[in-house]
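Engineer: Prediction below, plus the sequence it came from.
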Amino acid sequence: MNNYQKWFLASRPWSFTMTAVSISAGSILGSMEGEFSWFLYVLTLAGIVFMHAAANLFNDYYDFLSGVDTLDVSTAQYRPHPLVAGILKPKEVLIEASCFFIFAGIIGIFLAATRGWMILAIALIGAFAALFYTAPPFKYKYKGLGEISVFLMWGPLMVEGACFVQKQALSMDAFWISLPLGALVALVLLADNIRDTVNDKEKGIKTLPIIVANPQKSIWLYVILVIFTYLSVILMAFLGPLNLWALVVLVSLPLAFSLLRQMIKNVPIDADAQTAKLNTAFGILLLIPIVIGRLV
């Protein structure tokens, strides 16, 4: 495995589908009243993917340094973890993260200069969230704020930001549609934190399930968020801003039911990965009514 393959693997590329869905939704919604710019879409997607990759790498780097990530953690049992496995050195991961962070910053500055100052404001919030997720002095993931952060980042901020790039204006339609998308990404992190409750508690980390202090309550919060994602889309299909084609998301219900049964019965070791699959299926299906709305 060459260095480029190691770097690519360390960035967790399988997680980029969540970013692609949010950016695609926001970009299409932003072009409803005008032309869709493929150039701006690709540039926006590239910038956010770079930022997402940087966030993943900074997260792994600081989790490793603080002793949170070891060979015994659940994620190392079912997915590649180059830093923990010794495939990459901490310094290499930090350099890679910094490079991606800079690439994202260059694209963000260009978009802000050409499309409006609002992009700069959104980009700075995103940069702060990506860097200080597990980095000192804030380490806000360890204070139970991770789910709220990813909900805002992959929901309202990312969707509205992509919309603004195309439209040069914010949109209430984009805001409402961003809510189930953000909730689904928050579910991935919640599943991860529920599974790692014992390990995190031993390390002195306060995640949302630990703050709740009741494993069963955390599971029910997970169930409620899944219900919210489907119910919100159904309501928007009948009341707006989505159309009835949005009901196609119900095709993913068997996957959701299967996942909920597992979470209630016995949280699987790959709970976050399985939740991410639901996120991808739901997100892609949700793009269908948005695209149809754009075409008609």
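Structural biologist: Cool, the structure landed. This structure is a prediction, so every number in the text was calculated from the model and none was measured.
Engineer: Only C-alpha atoms from now on, for both contacts and neighbour counts.
Structural biologist: OK.
Engineer: Check the offset of stretch 94-111 from the chain's centre.
Structural biologist: Centroid separation for stretch 94-111 versus its chain: 18 Å, with CA atoms, centre = their mean, to the nearest Å.
Engineer: which parts of that stretch are buried?
Structural biologist: Using 16 or more other CA atoms under 10 Å as the test for burial, stretch 94-111 gives 94, 96-98, 100-105, 107-109, 111.
Engineer: For those, could you give me a markdown table that also reports pLDDT, distance to residue 203 and secondary structure?
Structural biologist: Shown next, in a markdown table, are the buried residues of stretch 94-111 (pLDDT from 0 to 100; distance: CA to CA, whole Å; DSSP: H, G, I helix; E, B strand; the rest coil):
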| residue | pLDDT | distance to residue 203 | secondary structure |
| --- | --- | --- | --- |
| 94 | 95 | 23 | helix |
| 96 | 93 | 27 | helix |
| 97 | 95 | 24 | helix |
| 98 | 96 | 27 | helix |
| 100 | 96 | 29 | helix |
| 101 | 97 | 28 | helix |
| 102 | 97 | 32 | helix |
| 103 | 97 | 33 | helix |
| 104 | 97 | 32 | helix |
| 105 | 96 | 33 | helix |
| 107 | 97 | 37 | helix |
| 108 | 96 | 36 | helix |
| 109 | 96 | 38 | helix |
| 111 | 97 | 41 | helix |
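Engineer: all helices in the stretch 1-150 of the chain, in order from the N-terminus.
Structural biologist: 3-10, 16-30, 38-65, 75-78, 82-85, 90-115, 117-131, 146-152 (DSSP state H, counting those that start in this stretch).
Engineer: Who are the packing partners of the fifth one?
Structural biologist: Meaning helix 82-85. Contact analysis of helix 82-85 by 3 or more CA pairs under 8 Å, 6 or more residues apart in numbering; DSSP states H and E lists helix 3-10, helix 38-65 as its packing neighbours.
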